[in-house]
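A.B. asks: I'd like to go over a predicted model; first the sequence, then the structure.
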Amino acid sequence: MRIIGTMSGTSLDGVDAAWVETDGEKVAQLGPAITVPYEPALRRDLRRLLELAPGLPPDDQFLRDCEARLTERHAAAINRVALDAQRAGLPAPEMAAFHGQTILHRPRQPGDAAGAEGRTWQIGDAAALSRQTGLSIAHDFRSADVAAGGQGAPLVPVAHAALAHALPKPLAVLNLGGVGNVTFLGSDGTLLAFDTGPANGPLDDWARRSAGRDYDRDGNLASAGQADGAVLGRLMNHPFLAQPPPKSLDRLDFDRALRDAGAHELSPKDGAATLVAFAAICVAAAARHFPEPPLQWLVAGGGRRNSAMMRALAATLAEPVRPVEVAGWNGDALEAQCFAVLAARTARGLPISFPGTTGAPQPMPGGRILGGLL
Ligand SMILES: Nc1ncnc2c1ncn2[C@@H]1O[C@H](COP(=O)(O)OP(=O)(O)OP(=O)(O)O)[C@@H](O)[C@H]1O
Ligand SMILES: CC(=O)N[C@H]1[C@@H]2OC[C@@H](O2)[C@@H](O)[C@@H]1O[C@H](C)C(=O)O
């Protein structure tokens, strides 16, 4: 199938879209990919939605308005990639994968009462996207897993496994978006994946609040500062780090812990250095849950462009840390490509989540397809 995958991640910075030819098990061809950045007003409104989400009814007007604008940006991205693919002589897409924008993620957690239900909420109007692109839309990838007691995230691991089939194992693929997530691919075929902890999300918030920047470009602020040992000492005791997988995070899950640890009282540069150091500590803590050490870490997502983050990872992890580009992958497009693979799996009824990834009770199909022949 030819599918344009999309991902609008927790950083709220824009939507990535990528053309992929895949049967959901193998990736036959990777085509053009782009990122359509969100304008500041949409970023701001989405950020506000994260805060409001727990109390919002699904028909809230502000939410519907954000959803319509978000969906339009996705249509623009998909239509642009379809055009780029056509110009490159590639066949027209048959479907688009629409992850939507997560505004709330609160799956079942240890300590929840028996029978308590988890919740995950991605906004996005699949019917409007189908009209605006003329494509079938695979969407709603997470809710079946959460309803079955899984974490609903991360979902990209099975696609990482498909892309990495020829790479030496054991291998760790680390995505540093707003939140960090890792996929461990074992030499015996083990697929283990979970969220590591906060990555760029709190750093973006800090850069904005303390220095008036959208994000810490190239890690300049963090590189000029010193990580605060006392704050890190308090953060390291956060129970999430030692908690065995499966586990996943909401974009805001660490905000309170960071404030309580005193991270917000530091100077702009020391605060940034501390948040970077903590993101790396979370990744090192994640590695303690692996059954064997990986040969290397391949890093995707915007965090790989933060040189302070890459240095902190190299200093904290025992194995080589490299951007995914060393394997010939595109670290900006990877999540969108993975969702294209997931959409193909949805179309074929193949599982997209597993006991080792989301903690689903068994391998589970997921996602729904709208407006198609499939
Ligand atoms: N040149 C750069 N220097 C430093 N950081 C950068 C750079 N470019 C991007 N980033 C960081 O990466 C973030 C975007 O990363 P990415 O697009 O991978 O996240 P996402 O897909 O929204 O999140 P998630 O993977 O959690 O869903 C930005 O918010 C910024 O913090
Ligand atoms: C609920 C949700 O949207 N989670 C995202 C988020 O962004 C990174 C991390 O947290 C990961 O668990 C997930 O995205 C990836 C792409 C996934 O589901 O595989």
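C.D. replies: Ah, there it is. These numbers come from a predicted model, not from an experiment. Ligands and ions are numbered 1, 2, ... in the order given.

A.B. asks: Identify all contacting residues around stretch 306-314.
C.D. replies: Under the criterion CB atoms under 8 Å, 6 or more residues apart in numbering, residues 174, 176, 199-200, 203, 216, 218-219, 222-223, 272-273, 276-277, 279-280, 283, 297, 299, 303-304, 320-321, 323 lie in contact with stretch 306-314. Placement of C-beta: from N, CA and C, glycine included.

A.B. asks: how about a cut-off of 7 Å?
C.D. replies: 176, 216, 218-219, 222-223, 273, 276-277, 279-280, 283, 303-304, 321 (CB atoms under 7 Å, 6 or more residues apart in numbering).

A.B. asks: and the chain, what are its domains?
C.D. replies: Following automatic domain parsing, one finds the domains of the chain at 2-152+331-370, 157-327.

A.B. asks: ok, back up a step: out of the contacts of stretch 306-314, which sit inside strands?
C.D. replies: Of the contacts of stretch 306-314, the ones assigned to strands by DSSP state E are Leu176, Val321.

A.B. asks: Now, of the contacts of stretch 306-314, which are buried?
C.D. replies: 176, 216, 219, 222-223, 273, 276-277, 279-280, 283, 303-304, 321 (16 or more other CB atoms under 10 Å).

A.B. asks: Just the ones of the residues you listed in helices?
C.D. replies: Ala222, Ser223, Ala273, Val276, Ala277, Ala279, Ala280, Val283 (DSSP state H).

A.B. asks: in stretch 129-140, what's buried?
C.D. replies: For stretch 129-140, by 16+ other CB under 10 Å, it's Leu129, Ser130, Gln132, Thr133, Leu135, Ser136, Ile137, Ala138, His139, Asp140.

A.B. asks: Who are the contact partners of Leu129?
C.D. replies: So Leu129 contacts Thr71, His74, Ala75, Ala96, Phe98, Ile137 (CB under 7 Å, 6+ apart).

A.B. asks: so can I have CSV of those showing secondary structure?
C.D. replies: Listed next are those as CSV, based on DSSP: H, G, I helix; E, B strand; the rest coil:
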residue, secondary structure
Thr71, helix
His74, helix
Ala75, helix
Ala96, strand
Phe98, strand
Ile137, strand
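
A.B. asks: and those as JSON lines, adding pLDDT?
C.D. replies: Listed next are those as JSON lines, based on pLDDT from 0 to 100:
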{"residue": "Thr71", "pLDDT": "98"}
{"residue": "His74", "pLDDT": "98"}
{"residue": "Ala75", "pLDDT": "98"}
{"residue": "Ala96", "pLDDT": "98"}
{"residue": "Phe98", "pLDDT": "98"}
{"residue": "Ile137", "pLDDT": "98"}
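
A.B. asks: Buried subset of those residues, written for ChimeraX?
C.D. replies: Selection of buried members from these for ChimeraX, criterion 16+ other CB under 10 Å:
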select :71,74,75,96,98,137
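
A.B. asks: how about the contacts of Leu129, which pair is most distant?
C.D. replies: Thr71 and Ala96 (11.3 Å; CB to CB).

A.B. asks: Serialize the domains of the chain to TSV and add fields for distance to ligand 1.
C.D. replies: Listed next are the domains of the chain as TSV, based on distance: least, CB to the nearest ligand atom, whole Å:
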stretch	distance to ligand 1
domain 2-152+331-370	2
domain 157-327	2
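
A.B. asks: residues near Arg73, how many?
C.D. replies: 20 (other CB atoms under 10 Å).

A.B. asks: If you could redo that for Ala164, that was the one I meant.
C.D. replies: Neighbour number of Ala164 under other CB under 10 Å is 18.

A.B. asks: quick one: it and Gln296, what's the gap?
C.D. replies: 11 Å (CB to CB, to the nearest Å).

A.B. asks: can you list residues touching both of those two?
C.D. replies: Common neighbours of Ala164 and Gln296 (CB under 7 Å, 6+ apart) are Leu171.
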